[in-house]
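Undergrad: this is the structure alone, sequence omitted:
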């Protein structure tokens, strides 16, 4: 392992702990990019396919961590990471730990203290692509926490995808992850619900998707994300071309249409309730972006 430790940054050794579908993809692509790769998994057989390609399978967590200057964890959650790495003893001391587990901002902050107490430099991360896209140069990987870790190991991180450093606050990566997935699921649910709505008139999903995509991207995505984002930062919601009252009327029509067509109506009812709350808070004459002010407040306990 001594020779591996002296490798160039472009081909530095790396350890991957956790070999689910994502962990397997990470270890495989790191090896393909020339990094001597060591892996550990609770079920050793998970590494069989990697070992045939040249990956080293460590017998213990301590051996795995000791093999490389940086260890990447890809486990279920933070508690699993702690449970696994506790068996590494002092092996983490003087090394870097990059955590790609999912979790919450508070958990990310706590992980810094945990790692510091074991002498490791810590950086949190989030993977924004499915396993098949790991290694693609445009695949987005988010990182936050120790900039020193990011700078020293950037070449290794780049082997997995495009590394984007968000800042020294260790919680930013998981916060961005939650925000982007929030947007993804909302968009996906919107499309699925809308497709069910037109499907009530025997319109196929393929037929609707063609029109929806051509309308949605320029009208909603480009307009809101590119043109109107500055208004959100400034709290500027002019109602000169459409007010919250007008949007509530449209949402009521959507709900009624769902009822008439016999499809699930909870989603439009929720959007209608949010618009009603915005009006109750004094935004009736503002445009629909004013619901941003509602979203920034904690949900009232029922």
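TA: That came in fine, so what should we check first? Here the structure is a predicted model, which means the values were calculated and not measured.
Undergrad: what's the burial count for residue 174?
TA: By other CB atoms under 10 Å, 26 other residues sit near residue 174. Backbone N, C-alpha and C define where each C-beta goes, glycine included.
Undergrad: mind checking how far it is from residue 112?
TA: 12 Å (CB to CB, to the nearest Å).
Undergrad: and if you look at residue 205?
TA: Noted for residue 205: a distance of 45 Å to residue 112, by CB to CB.
Undergrad: so these two - more neighbours on which side?
TA: Neighbours were tallied for residue 205 and for residue 112 using other CB under 10 Å; the higher tally belongs to residue 112 (21 against 15).
Undergrad: please tell me I have it right and the more buried one contacts residue 121.
TA: No - assessed by CB atoms under 8 Å, residue 112 is found out of contact with residue 121, at 9.7 Å.
Undergrad: quick one: what helix or strand has the residue of the chain positioned farthest from its centre in it?
TA: Ranked by distance from the centre of the chain (CA atoms, centre = their mean), the top residue is residue 260, with 37.4 Å. Residue 260 is part of helix 244-261, with elements assigned from DSSP states H and E.
Undergrad: now tell me what touches that helix from outside.
TA: Residues from elsewhere that reach helix 244-261 (CB atoms under 8 Å, 6 or more residues apart in numbering): 197, 200-201, 264-265, 268-269, 271-272, 275-276, 278-279, 283-288, 290-291.
Undergrad: hey, where'd the strands end up in the stretch 1-150 of the chain?
TA: 14-17, 37-40, 56-57, 70-73, 96-99, 121-127, 140-145 (DSSP state E, counting those that start in this stretch).
Undergrad: and the last one, what other elements does it pack with?
TA: Identification of packing neighbours for strand 140-145 by 3 or more CB pairs under 8 Å, 6 or more residues apart in numbering; DSSP states H and E yields helix 105-116, strand 121-127, strand 162-165, helix 172-199.
Undergrad: for the longest one, name the packing helices and strands.
TA: Read that as helix 172-199. Under the contact criterion of 3+ CB pairs under 8 Å, 6+ apart, helix 172-199 touches helix 105-116, strand 121-127, strand 140-145, helix 205-216, helix 244-261, helix 266-280.
Undergrad: could you pull up the mean pLDDT of the shortest one?
TA: It refers to strand 140-145. On average, the pLDDT along strand 140-145 is 98.
Undergrad: okay, the angle between the helix holding residue 260 and helix 172-199?
TA: Put simply, helix 244-261 runs at 50 degrees to helix 172-199, going by axes from the mean of the first three to the mean of the last three CA atoms, to 10 degrees.
Undergrad: now helix 244-261, how far from the centre of its chain.
TA: Chain-centre distance of helix 244-261: 32 Å, with CA atoms, centre = their mean, to the nearest Å.
Undergrad: so which residue is smack in the middle of this protein?
TA: With distances taken as CA atoms, centre = their mean, residue 177 lies nearest the centre of the chain, 2.9 Å away.
Undergrad: before we move on, the earlier item: okay, the angle between the helix holding residue 260 and helix 266-280?
TA: Put simply, helix 244-261 runs at 160 degrees to helix 266-280, going by the same axes, to 10 degrees.
Undergrad: report the buried residues of helix 244-261.
TA: 244, 247-248, 251, 254-255, 258 (16 or more other CB atoms under 10 Å).
Undergrad: can you list these in CSV and add distance to residue 165?
TA: Converted to CSV, the buried residues of helix 244-261 look like this (distance: CB to CB, whole Å):
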residue, distance to residue 165
244, 38
247, 38
248, 41
251, 40
254, 41
255, 44
258, 44
